[in-house]
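> Sequence first, predicted coordinates after that:
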Amino acid sequence: MGSMGLVGGAAAAQIGLADDNSFLPPNVPAWTKSLGPGVLTNPYGQPSRFEANVQRRSVEWLTADRIASISFTPLANLKGIVTPSGLVFERYHAGVPEIDPAQHRLMIHGMVERPITLTMDDLMRFPSTSQIRFLECPANGGMEWRGAQMEGVQFTHGMLSCCEWTGVMLSTLLEEVGVDKRAAWILAEGADGSHMSRSVPMGKALDDAMIVYAQNGEMLRPEQGYPVRLINPGWEGNTCVKWLRRLEIGDKPWHHREETSKYTDLMADGTAREFTYVQECNSVITGPSPEKPMKGKGKYWVEGLAWSGNGKVKHVDVSFDGGINWREARFTSVVLPKSLTRFGLELDWDGSPLMLQSRAVDETGYVQPTYTQLRAARGTNSIYHKNAIHTWKINPDGSVQNVQIT
Amino acid sequence: MSRLLSALLLSCLAASALAERAGYYGYGKPAMPEEIAGWDIDVRPDGEGLPEGGGSVEDGESLYEEKCAECHGSFGEAVGRYPALAGGEGSLTDDRPHRTVGSYWPYVSTLWDYIHRAMPYTQPESLTDDEVYAITAYVLYLNEVVEDDFVLDRETFKDVVLPNAGNFIRDARPDTANTRCMKNCKNPASIEITSIVETKPAEETRIEVASAAPVGKATYDQACAMCHVSGLGGAPVLGDAAVWTARSARGTSVLIANAISGYQGEQGYMPPKGGFAALTDEAVEAAVEYMLEMSQ
């Protein structure tokens, strides 16, 4: 392939130099008059280098270092409802362990008839299932409890993703080991340096929890728990323990650090809610957004994402005037339970300032709350589960700003 | 589900017989008690999981100073953005609550369990059970929960109650009741901007299409920066020319060898390859050269 590769390389170099209109009609661009690289130039393909700007980003002041930290999904750049595996937000408590799948074991023990250890090959022999489900950190938007603070939708809502997850239902594994009838809780524990651990009620485990080894058709990315993780659909991402090594069946919750000191919701009266698992109905407009400003008067397709940990999204309404009047948007994706759902509607913009909002309703009838309602219920110090109606201010020059309004 | 229920039913009738039998699929191997013992590290509020042994506040003080104070401060007050462990009593209803072991955590077991499973930060699961008891006792002492002559073990554990135990309640959601109003839902005059973000998003600064970062910098960012940005663990800070010049006087090859194999110096401890055992020697070498270059 040597000589063909050289031809392709030369063409690529030329493309990089195009900085005027010489490639536009009636001229013909260089890539149309040459050969490109052949097969297997990238045995595992990458996005176009012109998409290099689409990447996860972090907020340096949020955490002490990058080992126990979080990065954000670039929501403004995503299409449809599936998040590419390499753009799923990251959350680590001790960095990413590099696990050899041949040396990895999943141990299931405790109040069971038959404690077992499973290899990855064992796990992949069980009947498999694939489900598209969103995954959201409960701290998503948590920096905005007191007021608008983050400059773009990547940072206001980007602890959010949605993948097709493939694995075995946890209920199948529980049948296999024979659970004691007094058992009520399961401890899930990771093989990373933090040994991340969460208590999960038996009801969720038997309902729709999955032990997954693949996402979007490929094996899990290391960042997402390779070779195996727990997925609790619709529940806070922290419970979906990555690099899963152990499931212990017990009769009481363990009250570990990530379900007491962290991931509890402090109320204004000083009490704190614990085991606040569900990610309630939420939505956000991803374009226009600060990352996707308006470019002059005319017709626009306003679009965004809605989701609910309690089932399917039923309606999404959009307001252009800060919540005085609303119009129902239409769904432009499939509508699945506990999945991201894409909505959109047309806007004919005359250049005047707008206050753009979206409001989702799920199939339980729950309506996404306002900031006023949310703060009245919980105060401003609960960090987690902020799902208030979000506002983008559209300025006459087309720029978009994150604001909060009464 | 139905298979599980029938299995549960059967287990009542013939538990001992079932225990002999493999599961429906029969995959995997029985987990042996000694295998479980190596991994079953969890501790519950009722004390289940606590091992034999114990440790005193007195023993905990020197251990804490050596292994914990670097990040959490000598009095549990925290260094930088690492978590504070003490203080904040009575602050939970304040405008800026201060959540610590003493002011917020409900259970002593959580502290023991977390120190044991995840601390010290760069060397998790390296402490002996007695050391975990001692450090736990000392953190309780820093929070004025126990006296300075306290010894923590499985028995005394039962007597220690954290101040905020009992203030945790179950999830009360849904706790808002918005309605789906479509027209004239509020008075236009009542709309006021309460906060606004003036800065532009990161995407406005377009990222240049460039080749990957050199190996040295990439390795530094991944494996070395955690300690060498802040000086954590006595690490020489990147860009501190005086400190680095003194070190490079011993020869670059010595620095590289120490970085690969680990090194106990007067100021601190360098774990082999910074604790990232998967790094190649070449990557570590490139990282050391990058750090020297950035610290001239």
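Now that the structure is in, tell me what you want to look at. What you see is a predicted model, and the numbers here were worked out from it, not measured in a lab. Residues are numbered from 1 along each chain as shown, chains lettered A, B, ... in the order given.

> So for the residue of the stretch 1-150 of chain A found nearest chain B, what pLDDT did the model give?
Residue of the stretch 1-150 of chain A nearest chain B, by CB to the nearest CB: residue A:147 (3.4 Å). For the C-beta atoms, the positions are set from N, CA and C on the backbone; glycine is no exception. As predicted, residue A:147 sits at a pLDDT of 97.

> how many neighbours does residue B:51 have?
16 (other CB atoms under 10 Å in any protein chain shown).

> same deal with the one 10 residues further on?
Close neighbours of residue B:61, defined as other CB under 10 Å, add up to 19.

> How much space separates it from residue A:321?
62 Å (CB to CB, to the nearest Å).

> now residue B:294
53 Å.

> What are the boundaries of the helices in the stretch 51-200 of chain A?
Using DSSP state H, counting those that start in this stretch, the helices assigned to the stretch 51-200 of chain A run over residues A:120-123, A:153-157, A:170-177.

> Which among the ones you listed is found nearest to residue B:284?
helix A:120-123 (29.7 Å; CB to CB).

> List the buried residues in the closest one.
Using 16 or more other CB atoms under 10 Å in any protein chain shown as the test for burial, helix A:120-123 gives A:120, A:122-123.

> go on, stretch B:82-99?
Buried-residue list, stretch B:82-99, by 16+ other CB under 10 Å: B:82-88, B:91-92, B:97-99.

> cool, and stretch A:54-66?
For stretch A:54-66, by 16+ other CB under 10 Å, it's A:54-57, A:59, A:64-66.

> again with stretch A:340-349
Under 16+ other CB under 10 Å, the buried positions of stretch A:340-349 are A:340-345, A:347, A:349.

> now swap in stretch A:97-107 and tell me
Buried residues in stretch A:97-107, defined by neighbour count with 16+ other CB under 10 Å: A:97, A:99, A:104-107.

> Could you list the low-confidence segments of the stretch 1-150 of chain B?
B:1-21 (pLDDT under 70).

> So which residues of it form strands?
For the stretch 1-150 of chain B, strands defined by DSSP state E, counting those that start in this stretch occupy the ranges B:29-30, B:54-56.

> rewinding a little: contact partners for the residue of the stretch 1-150 of chain A closest to chain B?
A:404, B:194-195 (CB atoms under 8 Å, 6 or more residues apart in numbering or on different chains).

> Contact residues of the stretch 301-406 of chain A facing chain B?
A:315, A:317, A:321-328, A:355, A:359, A:361, A:366-370, A:373-374, A:377-378, A:381, A:385, A:393, A:401-406 (CB under 8 Å from any CB of the partner chain).

> centre of the chain versus stretch A:342-352, how much separation?
25 Å (CA atoms, centre = their mean, to the nearest Å).

> ah, wrong one, I meant stretch B:235-249
29 Å.

> Is chain A within reach of it?
No: using CB under 8 Å from any CB, stretch B:235-249 stays clear of chain A, coming no nearer than 12.2 Å.

> Endpoints of that stretch, how far apart?
17 Å (CA to CA, to the nearest Å).

> ranking the helices of the stretch 51-200 of chain A by burial, who's on top?
Of these, the one with the most neighbours on average (mean count of other CB atoms under 10 Å in any protein chain shown) is helix A:153-157, at a mean of 28.

> Dump it to CSV, restricted to CA.
Only the C-alpha atoms of helix A:153-157 are listed here, as CSV (Å, rounded to 0.1, in the frame of the first residue of the first chain):
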residue,chain,number,x,y,z
VAL,A,153,-24.9,23.7,27.6
GLN,A,154,-21.9,21.3,27.7
PHE,A,155,-21.4,22.5,31.3
THR,A,156,-25.0,23.2,32.4
HIS,A,157,-26.2,19.8,31.3
